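Undergrad: Turn this into a structure:
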Amino acid sequence: MLKFLKKHGEGPTVDLPSAAGIRLPKRVPKALTMEILDRLLGSPDLSTPTGVRDRALMEVVYGTGLRASEAIGLRVEEVNLDSAAFRVTGKRGKTRWVPLPMHTSPWLERYLNEARPQLVKGQVAQVFVGSRGKALSRQSAYSILDFHRRNAGIAAAVSPHTLRHTYAVHLIQGGADLRVVQELLGHSSISTTQIYTQLDLEQVRRIYESAHPRK
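TA: Numbering: from 1, shown residues only. Here you go, the predicted model:
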């Protein structure tokens, strides 16, 4: 209102502060409950190659907390099922090793051995491929999650980011150290992890101080 009046010669003569620097709080999705997560993971038709692929994709994103871009960019050569881990290249080219949970590994192995050979066409480096046999796109990954969300009768939106967030929240709720979660998610700052997991500052302080050597 003050800016409107000033524009028309009726407001204050002093310069008014700019609101351009105001940043709204970052919105993050709500973590899925285990009941809803199980419904989502149980949605794909495992009698089809695409169904096995979809289950493996969701299991990997939830089981490892990968970003959508990291999941679709994951290369076959980076996966080591014997060591139950794989190397991930995240933002700004930062590389990290991510452990593959026991419940996730069988789904990825089944997909690589059974479903992927039926889907892939030609030489494709990426683990996850689309119905046309080429590397799965980011948009396709979002569409897959949305399809199974609707198929499972889940009202709220579900995306790869939702599964990544659920992974982080479940780790924290299970007692995981915040610094460990930070490393697993590939965050450069622990403040990002705090926002991501929707922890209040006091809880972050308690977790941090309990692990810090100079208590």
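
Undergrad: mind listing what the spatially most central residue of the chain touches?
TA: Relative to the mean C-alpha position of the chain, the nearest C-alpha, by C-alpha atoms, centre = their mean, is the one of residue 164, at 2.8 Å. Contact analysis of residue 164 by C-beta atoms under 8 Å, 6 or more residues apart in numbering lists 61, 62, 65, 66, 67, 68, 185. Heads up, the C-betas are built off the backbone N, CA and C, glycines and all.

Undergrad: May I have the phi/psi pair for it?
TA: Dihedral pair for residue 164: phi -60, psi -40, per degrees, to the nearest 10.

Undergrad: And the one 10 residues further on, by the same measure?
TA: Listed backbone geometry of residue 174 is phi -80, psi 0, with angles given as degrees, to the nearest 10.

Undergrad: Just the pLDDT at it, thanks.
TA: The pLDDT attached to residue 174 in the predicted structure is 82.

Undergrad: For it, the count of nearby residues, please.
TA: In terms of burial, residue 174 registers 7 neighbours under the definition other C-beta atoms under 10 Å.

Undergrad: Check the one 5 residues further on too.
TA: As a burial measure, the neighbour count of residue 179 was computed by other C-beta under 10 Å and equals 14.

Undergrad: for this structure, what spans make up the helices?
TA: With helices called from DSSP state H, the chain shows them at 2-7, 34-41, 49-64, 68-73, 105-110, 116-119, 138-151, 160-173, 178-185, 190-196, 201-211.

Undergrad: Single out the most deeply packed of those helices.
TA: Burial among these, expressed as mean neighbours by mean count of other C-beta atoms under 10 Å, is greatest for helix 49-64, which shows a mean of 23.

Undergrad: thinking again about what came up before, from the contacts of residue 164, which one has the minimum pLDDT?
TA: By predicted confidence, the contacts of residue 164 are weakest at residue 185, whose pLDDT stands at 78.

Undergrad: Once you drop chain neighbours, what's closest to it?
TA: The shortest distance from residue 185 to any residue other than its chain neighbours is 5.5 Å, reached at residue 65 (C-beta to C-beta, 6 or more residues apart in numbering).

Undergrad: what's the burial count for the one you found?
TA: Residues near residue 65, counting by other C-beta under 10 Å, number 24.

Undergrad: want to try CSV for the helices of the chain, with distance to residue 89 as columns?
TA: Putting these into CSV (distance: least, C-beta to C-beta, whole Å) gives the following:
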stretch, distance to residue 89
helix 2-7, 46
helix 34-41, 26
helix 49-64, 14
helix 68-73, 7
helix 105-110, 18
helix 116-119, 20
helix 138-151, 15
helix 160-173, 16
helix 178-185, 14
helix 190-196, 18
helix 201-211, 28
